[in-house]
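1. Structure of the sequence below:
(2 chains)
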Protein chains: 2
Amino acid sequence: MSGTNGSQAGRQQPAEGETLATLGEFGLIAALRERLPSNADVLLGPGDDAAVVAAADGRVVATTDMLVEGRHFRRDWSEPYDVGRKAAAQNLADVAAMGAVPTALLVSFGAPGDLPASWALSFADGLRDECAVVGASVAGGDVVSSGLVVISITALGTLAGRPPVTRSGARPGDVVAVCGRLGWSAAGLAVLGRGFRSPRVVVEAHRRPEPPYDAGPEAAALGASALIDVSDGLLADLGHIAEASGVRIDVDSRTMEVAEPLQAVAAAIGADPLAFVLTGGEDHALVATFGPDVLLPEHWRVIGKVHAAAAEPTADSTAHAGDHPATGEESVRGEMSGTGEAPLVTVDGGAYAGPAGHDHFR
Amino acid sequence: MSGTNGSQAGRQQPAEGETLATLGEFGLIAALRERLPSNADVLLGPGDDAAVVAAADGRVVATTDMLVEGRHFRRDWSEPYDVGRKAAAQNLADVAAMGAVPTALLVSFGAPGDLPASWALSFADGLRDECAVVGASVAGGDVVSSGLVVISITALGTLAGRPPVTRSGARPGDVVAVCGRLGWSAAGLAVLGRGFRSPRVVVEAHRRPEPPYDAGPEAAALGASALIDVSDGLLADLGHIAEASGVRIDVDSRTMEVAEPLQAVAAAIGADPLAFVLTGGEDHALVATFGPDVLLPEHWRVIGKVHAAAAEPTADSTAHAGDHPATGEESVRGEMSGTGEAPLVTVDGGAYAGPAGHDHFR
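-> Take a look at the predicted model:
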């Protein structure tokens, strides 16, 4: 681990009332660069036509995500610092989910001219501090004018000579194991959506996920056969593994830890706490499949098993559940696998009767 | 050069009336992936948490740009295919402007659910065909729901063992040379902004720039001391080189080729055709500085000279002119260097009296 520490103290703040329009594009870029130190993997940092980033083993892992205000975050629900941490986290977690170590981010930032300059700079602080957790840094970016705040992040990473751990390697007989929190962000979203701000611990989890980054390369070193980060929800993301690997996966609900704050939220709003754990997204836990004989460290909890794909279809369809939109907006939820097919992911041997998966455009 | 050819014939088109909402997120992703073949540099393509791209010499060149509907393109002025080509081109040109060869793009695409599916797919065709010009391909991406069409592209590339050619290496005595068109896109924008559609050749140049990609690695091999692509306008981008290198640059207006269509547009609208050439952006010509003894191929035209930074400040300020917004929107234009300083870039030995540079937020 390298990079800056997470302290927010002592940083220069923009003048009261300063906006992107008064600061100007070049003033903003200068202020952002001042806050975003480069680590050793950034061979040429911001300020030229492109950055140059180390890719020591001759390959680079690369992933991109876009976040749109009102869809993926709300300025009245999340502080800009937390939006920065979350935006970085979801991309860094995608790198970890290949078994790789993140090295650098590229960040495009679109915003209206009347956005307070402090918002953009606190957002950058969040990016920097989340990068510092894994020793990465911001290598470059773009700032443009846009009616809404739009953030697009590309994360780069290194596999350090190992093959990538894809979604397609799960084999019948493998165990399914998870590292990290499940359902906390969804519980926080449920609380915020009802106008509350507590339990604070789940609201914080929604605002600032804590992906177990190191568990990605660790899973690769342990010989994981498949790996994904839980962004859409456990069952939905296991569905991605099952589909890519041509297998079925069964989750044992008795192994699910339903933490006390999730039980409290569920009791308060009349929900099933297990639904948070099975279908809640955005915590960016890592879930992997391993051969049955692999000795797993304690922070990897075995939660299910991989089976051969069903020979005959049943009447049930898989409930690939997700809970992606961070804003509580209602949307018609489509199903991620056709009806009439055998479920790819089951809970305790049967189809899960939760909400179907989220589709961004429906 | 590798990849698909530029033909648009024979591709499957979406059903009449199909929108992103009716196609759905996963339907859209499947349709996009079908249209976007991967080249050999993409070791692991779309469909996992991240892509893996070759970076043979242990480094990767990376750059990102965001395009927002209404700011950088208008759906009523540009076909989606052209928006795709232009979006790819401006990022691929940034890679070339480091002296590198592009290998892959990552593309984030935000759009409203009522966007015709054909728009997104034609956009993807444009991306693919522009990538094919340089042998690159789309390695991954993200699609999200957004009130406006927002496109963010990251381009990756390889330096093939050479050092990057930055903006900071220009030295007094060097010559300044340009490869590619200047002012054509600005002339096209001027035409479109007045409600006309001809001369078609400049409108086409605005919709679909043709950066001289190969000239980037060529300039590096010729020993260019500095290199940039002309995205903000010749004087503005030479200003970036002058500032980063700590030098002055003088442009000889007699060397400027003002092509016939630019003269025609200027005559029709009562403008100075030289202003298009000196301040028009988005053609993505490459401009470089070379030692005085370098023998340049004919497609590099010498247009000026690098001088030592001025010892004493003058009353003139540099006209770092730009013409970036592709939509003709009016904006208050800020200056890119302070008044009262010696101009970093001069034309025929004096400050250029054109419009000052564009600032995205002012």
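2. List the contacts of A:Asp272.
-> Residues in contact with A:Asp272 (CB atoms under 8 Å, 6 or more residues apart in numbering or on different chains) are A:Ala266. C-beta: built from backbone N, CA, C; applies to glycine.
3. Need the per-residue pLDDT for it.
-> Model confidence at A:Asp272, given as pLDDT, is 91.
4. cool, A:Thr4 as well?
-> With respect to pLDDT, A:Thr4 scores 38.
5. and the gap between the residue lying closest to A:Gly99 once chain neighbours are set aside and A:Cys131?
-> Leaving aside its chain neighbours, A:Gly99 sits nearest to A:Ala220 (2.9 Å; criterion: CB to CB, 6 or more residues apart in numbering or on different chains). As judged by CB to CB, to the nearest Å, A:Ala220 and A:Cys131 stand 21 Å apart.
6. So if I had to pick from the two, which one is more boxed in?
-> A:Cys131 (29 against 22; other CB atoms under 10 Å in any protein chain shown).
7. Three-state assignment for the more buried one, please.
-> Here A:Cys131 is recorded as helix under DSSP: H, G, I helix; E, B strand; the rest coil.
8. circling back to that earlier point, the residue nearest to A:Gly99 is in contact with A:Gly169, isn't it?
-> No - if you go by CB atoms under 8 Å, A:Ala220 and A:Gly169 don't touch, sitting 11.1 Å apart.
9. so which strand or helix has A:Val138?
-> Using DSSP states H and E, A:Val138 sits in strand A:137-145.
10. Which secondary structure elements does that strand sit against?
-> Other elements packing on strand A:137-145 under the criterion 3 or more CB pairs under 8 Å, 6 or more residues apart in numbering or on different chains; DSSP states H and E are helix A:25-35, strand A:51-54, strand A:101-111, helix A:117-134, strand B:59-68.
11. Around the closest residue to A:Asp49 other than its chain neighbours, how many other residues sit close by?
-> Using CB to CB, 6+ apart and skipping residues adjacent in sequence, the residue nearest A:Asp49 is B:Ala97, 3.9 Å away. Using other CB under 10 Å, B:Ala97 has 32 neighbouring residues.
12. residue contacts, B:Ala97?
-> Each residue near B:Ala97 by CB under 8 Å, 6+ apart is listed here: A:49-50, B:165, B:216, B:227-229, B:286.
13. swap in A:Ala187?
-> Per CB under 8 Å, 6+ apart, neighbours of A:Ala187: A:202, A:205-206, A:261-262, A:265-266, A:276, A:280.
14. any idea which element the residue nearest the centre of chain A lies in?
-> Residue closest to the mean C-alpha point of chain A, counted by CA atoms, centre = their mean, is A:Gln90 at 3.2 Å. Using DSSP H and E, the element containing A:Gln90 is helix A:80-96.
15. which other helices and strands contact that helix?
-> So helix A:80-96, by 3+ CB pairs under 8 Å, 6+ apart, packs with strand A:59-68, strand A:101-111, helix A:117-134, strand A:150-158, helix A:215-221, strand A:226-229.
16. Output these in a markdown table; the columns should cover mean pLDDT and distance to B:Leu106.
-> Shown next, in a markdown table, are those (pLDDT from 0 to 100; distance: least, CB to CB, whole Å):
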| stretch | mean pLDDT | distance to B:Leu106 |
| --- | --- | --- |
| strand A:59-68 | 97 | 4 |
| strand A:101-111 | 97 | 9 |
| helix A:117-134 | 97 | 18 |
| strand A:150-158 | 98 | 6 |
| helix A:215-221 | 98 | 19 |
| strand A:226-229 | 98 | 17 |
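17. Format those as a markdown table; extra columns: distance to B:Gly188.
-> A markdown table is the format used below for these (distance: least, CB to CB, whole Å):
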| stretch | distance to B:Gly188 |
| --- | --- |
| strand A:59-68 | 29 |
| strand A:101-111 | 24 |
| helix A:117-134 | 32 |
| strand A:150-158 | 27 |
| helix A:215-221 | 47 |
| strand A:226-229 | 44 |
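18. on that earlier part again, out of the helices and strands packed on strand A:137-145, which comes closest to B:Glu243?
-> Evaluated over the helices and strands packed on strand A:137-145, closeness to B:Glu243 peaks at helix A:25-35, with 10.7 Å, by CB to CB.
19. quick check: angle from the closest one to helix A:117-134?
-> Counting by axes from the mean of the first three to the mean of the last three CA atoms, to 10 degrees, helix A:25-35 points 30 degrees away from the direction of helix A:117-134.
20. list the buried ones in helix A:25-35?
-> Using 16 or more other CB atoms under 10 Å in any protein chain shown as the burial criterion, the residues of helix A:25-35 that qualify are A:25-29, A:31-33, A:35.
21. Tell me if stretch A:232-243 is near chain B.
-> No - applying CB under 8 Å from any CB of the partner chain, one finds stretch A:232-243 separated from chain B by no less than 8.8 Å.
22. for chain B, what are the nearby residues on the stretch 101-250 of chain A?
-> Taking CB under 8 Å from any CB as the criterion, the neighbours of chain B within the stretch 101-250 of chain A are A:104, A:106-110, A:113, A:139-148, A:150, A:152, A:154-157, A:159, A:164, A:166-168, A:227-229, A:244.
23. hmm, which of the residues you listed are the buried ones?
-> Using 16+ other CB under 10 Å as the burial test, these include A:104, A:106-110, A:113, A:139-148, A:150, A:152, A:154-157, A:159, A:164, A:166-168, A:227-229, A:244 as buried.
24. sorry, back to before: find the pair from the contacts of B:Ala97 with maximum spatial separation.
-> Across these, the longest distance by CB to CB is 13.2 Å; it joins A:Ala50 and B:Leu286.
25. May I have the lowest-mean-pLDDT helix or strand in chain A as PDB, with CA atoms only?
-> The least trusted helix or strand in chain A, going by mean pLDDT, DSSP states H and E, turns out to be helix A:25-35, with a mean of 90. The C-alpha coordinates for helix A:25-35 follow below in PDB (Å, rounded to 0.1, in the frame of the first residue of the first chain):
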ATOM      1  CA  GLU A  25     -12.100  25.200 -16.700                       C
ATOM      2  CA  PHE A  26      -8.400  25.800 -16.300                       C
ATOM      3  CA  GLY A  27      -8.700  26.900 -12.700                       C
ATOM      4  CA  LEU A  28     -10.600  23.800 -12.000                       C
ATOM      5  CA  ILE A  29      -8.100  21.500 -13.700                       C
ATOM      6  CA  ALA A  30      -5.200  23.200 -11.800                       C
ATOM      7  CA  ALA A  31      -7.100  22.800  -8.500                       C
ATOM      8  CA  LEU A  32      -7.800  19.200  -9.200                       C
ATOM      9  CA  ARG A  33      -4.200  18.400 -10.200                       C
ATOM     10  CA  GLU A  34      -3.000  20.000  -7.000                       C
ATOM     11  CA  ARG A  35      -5.200  17.500  -5.000                       C
END
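26. which residues sit in contact with the residue nearest to A:Gly99?
-> Shown in contact with A:Ala220 (CB under 8 Å, 6+ apart): A:99-100, A:159, A:162, A:165, A:227.
27. Quick check: it vs B:Ala155, distance?
-> 27 Å.
28. Looking at the residue nearest to A:Leu222 when sequence neighbours are not counted now. What's its pLDDT?
-> In space, and not counting its chain neighbours, A:Leu222 is closest to A:Val294: 5.8 Å by CB to CB, 6+ apart. pLDDT recorded at A:Val294 is 97.
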